[in-house]
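*Asks:* mind folding the following:
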Amino acid sequence: MLFHSAGFLLVFLPLFLLLAHYLPTGKTKAWLLLVFSYLFYSGAEPIFVLLLFFSSLTDFYVALRLSATQIRKQKIAWLLVSLAVNLGLLGFYKYGGWISASFALGNADFFQSYVLPAGISFYTFQSMAYTIDVYRGKIEPETSLLSFCNYIAYLPQLIAGPIERFHHLAPQLEKFRAGTSTPQWTAGIDRIMLGIAQKLILADGCGYIVDRLVQGQANDFFSAWAVGIGFGLQIYFDFAAYSHMAIGISLLLGIRLNENFLAPYQADSIQEFWRRWHITLSSWFRDYLYIPLGGSQKGILRTIFNVFITFTLCGLWHGAGYNFLLWGFLHGAMLGLYHFKQLLIPGINLPKTIAIPVTFLAVSFAWVPFRLSNWQEISEVWQGMLGLNGMSGRQVSIVDLAILAALVFMCILIPHAAKRWPGASGWQESAVLAVLAAFAMINSPAITQFIYFQF
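*Replies:* Residues are numbered from 1 along each chain as shown. Here you go, the predicted model:
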């Protein structure tokens, strides 16, 4: 079930909100949220609800055991149980076939019969963050299995984030359960409509241009850059649209999720880009991998090494393939160069009018292996970007280039949604969003799923 489908918007969500408003507070509302969360998740594959519950049950029990002992070796052992279960599930379903095929281990066809559970990369990371924080003594363990299952399976952000920390989401879920949360109807509906319009008009529109160019093997200079820039716009609009809708649905319950995107294409450095892009994932890798490795506190060479390890694994988190490793490696290399530059000439930076376009083009160049999995296709597009395949521009239309250019300027100039819609909009903005969302749903040729659902 998709947020922007008629079934969700006209039946599932209104029914849930109606019951949430009229049913008694306490366990009844908690059970309502969990049942609807599991029903929503079962739309992808019902059997995977059991997998989700198994992961939740494991970490619920592990956290209690972590809190019950003060013996370090026992704490480490219990934490390893959590990591083994979550990473084991993730490894089997997401990476088993790729590892088997890459290293000739067993029968790779065996894994082809297993479908990747929706959102497994997100909920396993959210669950692991919880057990790690309990292990570190940062939070107390949840003593109610029902409440913990709601934290892991929370409907709006279950499949594609934001990846929420326990200390931020759990108290808000408790307020919802107690009936003391304050729904923000106008702000919530505005963010939902913004997400619908952004997904169906902007993301799918960019996807149409990029798919046509890729299928036509367009690789001259202008076409190659249209692929890199077009896909960068597509994945941003697509993923940000999901985040808008998740945040909007939560606001209808009186719950505020973390923002996941803060105008990333306005970044004036690659470091700034990752402070604005998929913020809850980048902060997860920072807190649970980069800093434990030593962060930037052990010299420039160790810092660069830590960055490479972090972003290579970040690339692998996105997908089982060498193209995702390459994407992560490129970002690790760019961040490593940034840290090295800061060491050599600290405080000297390019003017923003130059730094923002340079950062945008570098990120667009790196998006190519994220979109294409075949090395030959990747290299041909990169060659085209470097002008090695000619400058004809006959493979991409002037209209397509104009659309992409207009969207790039929009991304660079317009404030991010959290700044523009901190609360309720004026009626004019609400009316415009409603018209755009209605237009998008009526005229959309098909309901496409969000890109990040595959991760």
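*Asks:* burial of residue 376, as a residue count?
*Replies:* By the criterion of other CB atoms under 10 Å, residue 376 has 8 neighbours. All C-beta atoms are positioned from the backbone trio N, CA, C, and that covers glycine.
*Asks:* gap between it and residue 217?
*Replies:* According to CB to CB, to the nearest Å, residue 376 stands 10 Å off from residue 217.
*Asks:* now swap in residue 188 and tell me
*Replies:* Per CB to CB, residue 188 is found 44 Å from residue 217.
*Asks:* wait, what's in contact with the nearest residue to residue 243 once chain neighbours are set aside?
*Replies:* In this structure, residue 243 finds its nearest non-sequential neighbour in residue 260, 4.2 Å apart by CB to CB, 6 or more residues apart in numbering. Contact analysis of residue 260 by CB atoms under 8 Å, 6 or more residues apart in numbering lists 161-162, 239-240, 243, 278-280.
*Asks:* now residue 260: how far from residue 19?
*Replies:* Residue 260 is 28 Å from residue 19, where distance means CB to CB.
*Asks:* who does the helix ranked longest in the chain touch, helix- and strand-wise?
*Replies:* Across the chain, the helix with the greatest residue count (assigned by DSSP state H) is helix 221-252. Helix 221-252 makes packing contacts with helix 185-197, helix 204-215, helix 352-366, helix 368-371, helix 375-385, helix 398-413 when contacts are defined by 3 or more CB pairs under 8 Å, 6 or more residues apart in numbering; DSSP states H and E.
*Asks:* closest to residue 298 out of those?
*Replies:* Closest to residue 298 of the helices and strands packed on helix 221-252, according to CB to CB: helix 352-366, at 26.6 Å.
*Asks:* is it true that residue 79 touches residue 135?
*Replies:* Yes: at 4.7 Å, residue 79 and residue 135 qualify as touching, with contact defined as CB atoms under 8 Å.
*Asks:* spit out the residues that contact those two alike.
*Replies:* Common neighbours of residue 79 and residue 135, using CB under 8 Å, 6+ apart, are residue 66.
*Asks:* so what's residue 360 up against?
*Replies:* Contact partners of residue 360, counting by CB under 8 Å, 6+ apart, are 232, 265, 408, 412.
*Asks:* typo on my end, it should be residue 165
*Replies:* For residue 165, the contacting residues are 129-130, 133, by CB under 8 Å, 6+ apart.
*Asks:* which of those ranks first by neighbour count?
*Replies:* Among the contacts of residue 165, residue 130 has the most neighbours (other CB under 10 Å), with 27 neighbours.
*Asks:* what sits against the nearest residue to it once chain neighbours are set aside?
*Replies:* Closest residue to residue 130 apart from its sequence neighbours, by CB to CB, 6+ apart: residue 166 at 4.8 Å. Contacts of residue 166 were listed using CB under 8 Å, 6+ apart, and they are 129-130, 133, 139, 142, 151.
*Asks:* roughly how far does residue 1 sit from residue 10?
*Replies:* To residue 10, residue 1 is 12 Å away according to CB to CB.
*Asks:* between the two, who's got more neighbours?
*Replies:* The neighbour count for residue 1 versus residue 10, taken as other CB under 10 Å, is higher for residue 1 (15 against 10).
*Asks:* that one - nearest residue in space that isn't next to it in sequence?
*Replies:* In space, and not counting its chain neighbours, residue 1 is closest to residue 43: 3.6 Å by CB to CB, 6+ apart.
*Asks:* neighbours of that neighbour, how many?
*Replies:* Residue 43, neighbours per other CB under 10 Å, totals 15.
*Asks:* my guess is it contacts residue 5. True?
*Replies:* No: Residue 43 is beyond contact range of residue 5, at 9.5 Å (criterion: CB under 8 Å).
*Asks:* residue 97: helix or strand, and which one exactly?
*Replies:* Residue 97 belongs to helix 96-103 when elements are defined using DSSP states H and E.
*Asks:* what comes up buried for stretch 387-394?
*Replies:* Residues of stretch 387-394 classed as buried under the neighbour-count rule (16 or more other CB atoms under 10 Å) are 389, 393.
*Asks:* now swap in stretch 263-279 and tell me
*Replies:* Neighbour counts over stretch 263-279 (16+ other CB under 10 Å) mark 263-270, 272-274, 276-279 as buried.
*Asks:* pull the most distant pair out of those residues.
*Replies:* The distance between the two most remote of the buried residues of stretch 263-279 (CB to CB) is 18.3 Å, for 268 and 278.
*Asks:* the helix or strand hosting residue 168: how far from the chain's middle?
*Replies:* Following DSSP H and E, one finds residue 168 within helix 166-178. Taking CA atoms, centre = their mean, to the nearest Å, the mean C-alpha location of helix 166-178 is offset from the chain mean by 22 Å.
*Asks:* right, and the helix or strand after the worst-scoring helix or strand of the chain on mean pLDDT?
*Replies:* Of all helical and strand segments in the chain, the minimum by mean pLDDT, DSSP states H and E falls on helix 109-112, at a mean of 62. Sequence-wise, the next helix or strand downstream of helix 109-112 (DSSP H and E) is helix 120-136.
*Asks:* so that following helix versus helix 166-178, what angle?
*Replies:* Here helix 120-136 points in a direction 100 degrees away from that of helix 166-178 (axes from the mean of the first three to the mean of the last three CA atoms, to 10 degrees).
*Asks:* run through the neighbouring helices and strands of helix 120-136.
*Replies:* Under the contact definition 3+ CB pairs under 8 Å, 6+ apart, helix 120-136 sits against helix 48-68, helix 72-90, helix 145-153, helix 166-178, helix 279-285, helix 300-318.
*Asks:* that one vs helix 48-68, what angle?
*Replies:* Calculated by the same axes, to 10 degrees, helix 120-136 forms an angle of 10 degrees with helix 48-68.
*Asks:* just the CA coordinates for helix 120-136, please, in PDB.
*Replies:* The C-alpha coordinates for helix 120-136 follow below in PDB (Å, rounded to 0.1, in the frame of the first residue of the first chain):
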ATOM      1  CA  ILE A 120      14.100  -4.000   6.400                       C
ATOM      2  CA  SER A 121      17.100  -1.700   6.100                       C
ATOM      3  CA  PHE A 122      15.200   1.000   8.000                       C
ATOM      4  CA  TYR A 123      13.600  -0.900  10.900                       C
ATOM      5  CA  THR A 124      16.700  -3.000  11.600                       C
ATOM      6  CA  PHE A 125      18.800   0.100  11.900                       C
ATOM      7  CA  GLN A 126      16.200   1.800  14.100                       C
ATOM      8  CA  SER A 127      16.000  -1.300  16.300                       C
ATOM      9  CA  MET A 128      19.800  -1.600  16.600                       C
ATOM     10  CA  ALA A 129      20.100   2.100  17.500                       C
ATOM     11  CA  TYR A 130      17.800   1.300  20.500                       C
ATOM     12  CA  THR A 131      19.800  -1.600  21.800                       C
ATOM     13  CA  ILE A 132      23.100   0.200  21.300                       C
ATOM     14  CA  ASP A 133      21.800   3.200  23.300                       C
ATOM     15  CA  VAL A 134      20.600   0.900  26.100                       C
ATOM     16  CA  TYR A 135      24.000  -0.700  26.100                       C
ATOM     17  CA  ARG A 136      25.700   2.700  26.300                       C
END
